[in-house]
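A.B. asks: What would the 3D arrangement of this be:
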Amino acid sequence: MSIEVKNLLKEYGEQKAVNSISFTVNKGEIVGFLGPNGAGKSTTMKIITGYLQQTGGEAFVCGINVAEQPLETKKKIGYLPELNALYYDMYVREYLGFIAEVHGIQNPKSKIQNVIDTVSLKTEAGKKIGQLSKGYKQRVGLAAALIHDPEVLILDEPTSGLDPNQIVEIREVIKNQGKDKTVLFSSHILQEVEAICDRVIIINKGQIVADDKLSSLRTKNAGQQIVKVEFKESVDAKAIQQLAGVQSVFNIHNPIAIGALFNIHCTDAEMVKKQILQLSVDQNLNIVSLQTDSQSLEDVFKQLTRNN
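C.D. replies: Predicted structure coming up:
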């Protein structure tokens, strides 16, 4: 296995940012690492890459203990941090040449051109990094992570700042790299995770709450159904929450909706819909739409991170 984490612990005073988590990622896997803000994603990634020392437990990259041989593991890893630190006064090719020199790469010009083509930086390659848009700065960071052809890619929010077209391009880069590399990446864009990954790890409050294939996650949560209802009038979510069989209610902000729009997680969608129809009669409410919805990764994510 390319990444192995054993009982990893990171404490800041009395706070456990990462609480004794364990997981593995094998070669050829593209795994989404998900969680709310402050869940411990970036902390875990920093420990795996050797940028942060753990309080307890172990992390291995390609069988090498990160804490014991940090330089050796860094040779195996391409890392794009969430806060992509770049030298803004350097030109793109100059910066990539500097990174290539750090890694001791032979024939750097060829490698530089290769990663520029890979991440579609050709039109911006002659500019200073400080002149680039946020999206192109992100591409420079990704190019730097790829230049030494690492076995493992750790990408923290790789599509941050990219426009929709750029996101599609970088998605394809990640998928292609995942054919012969190990890729662990985090993202708040769950649609991107669904498009790229077969497996996800979800962390919440420093603990892993799910580690499975997307298809299995949906199957395991199939017992929970979702009803989506839109009212013409404003409706108190508490009135929905009190209906029999309702597990949770999410008030969805929709600028197009006139009244109220809810996603209702429940055990029996048909029973809940009947109760909503009766509620509309009792309270003289107008229903704009009422339907059973399929469960998405977003729904699974909300369920697993809501009360843990």
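
A.B. asks: okay, CA-based contacts and neighbour counts for the rest of this
C.D. replies: Will do.

A.B. asks: quick one: the strands in the stretch 201-308 of the chain?
C.D. replies: 207-213, 225-231, 246-251, 260-266, 287-293 (DSSP state E, counting those that start in this stretch).

A.B. asks: Now these in TSV, please, with extra columns for mean neighbour count, mean pLDDT and distance to N19.
C.D. replies: As requested, those are exported to TSV (neighbours: other C-alpha atoms under 10 Å; pLDDT from 0 to 100; distance: least, C-alpha to C-alpha, whole Å):
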stretch	mean neighbour count	mean pLDDT	distance to N19
strand 207-213	18	92	6
strand 225-231	21	89	31
strand 246-251	17	90	27
strand 260-266	22	89	29
strand 287-293	15	88	35
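
A.B. asks: For the ones you listed, please prepare a markdown table with the additional fields distance to Q177.
C.D. replies: Listed next are the strands of the stretch 201-308 of the chain as a markdown table, based on distance: least, C-alpha to C-alpha, whole Å:
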| stretch | distance to Q177 |
| --- | --- |
| strand 207-213 | 20 |
| strand 225-231 | 36 |
| strand 246-251 | 37 |
| strand 260-266 | 37 |
| strand 287-293 | 34 |
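
A.B. asks: out of those, which comes closest to I196?
C.D. replies: For I196, the closest of those is strand 207-213, at 12.1 Å, according to C-alpha to C-alpha.

A.B. asks: Tell me where the model's unsure across the stretch 151-300 of the chain.
C.D. replies: 218-223, 253-258, 294-295 (pLDDT under 70).

A.B. asks: Swap in 80 and give it another go.
C.D. replies: Along the stretch 151-300 of the chain, segments meeting pLDDT under 80 span 161, 215-225, 252-259, 293-300.

A.B. asks: Indicate which one of the strands of the stretch 201-308 of the chain is closest to R199.
C.D. replies: strand 207-213 (4.0 Å).

A.B. asks: export that closest one as CSV, just CAs?
C.D. replies: The C-alpha trace of strand 207-213 is given here as CSV (Å, rounded to 0.1, in the frame of the first residue of the first chain):
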residue,chain,number,x,y,z
GLN,A,207,-12.5,10.9,13.8
ILE,A,208,-13.2,8.8,10.7
VAL,A,209,-17.0,8.3,10.3
ALA,A,210,-16.9,6.5,6.9
ASP,A,211,-14.4,4.8,4.7
ASP,A,212,-16.0,3.0,1.8
LYS,A,213,-16.8,3.0,-1.9
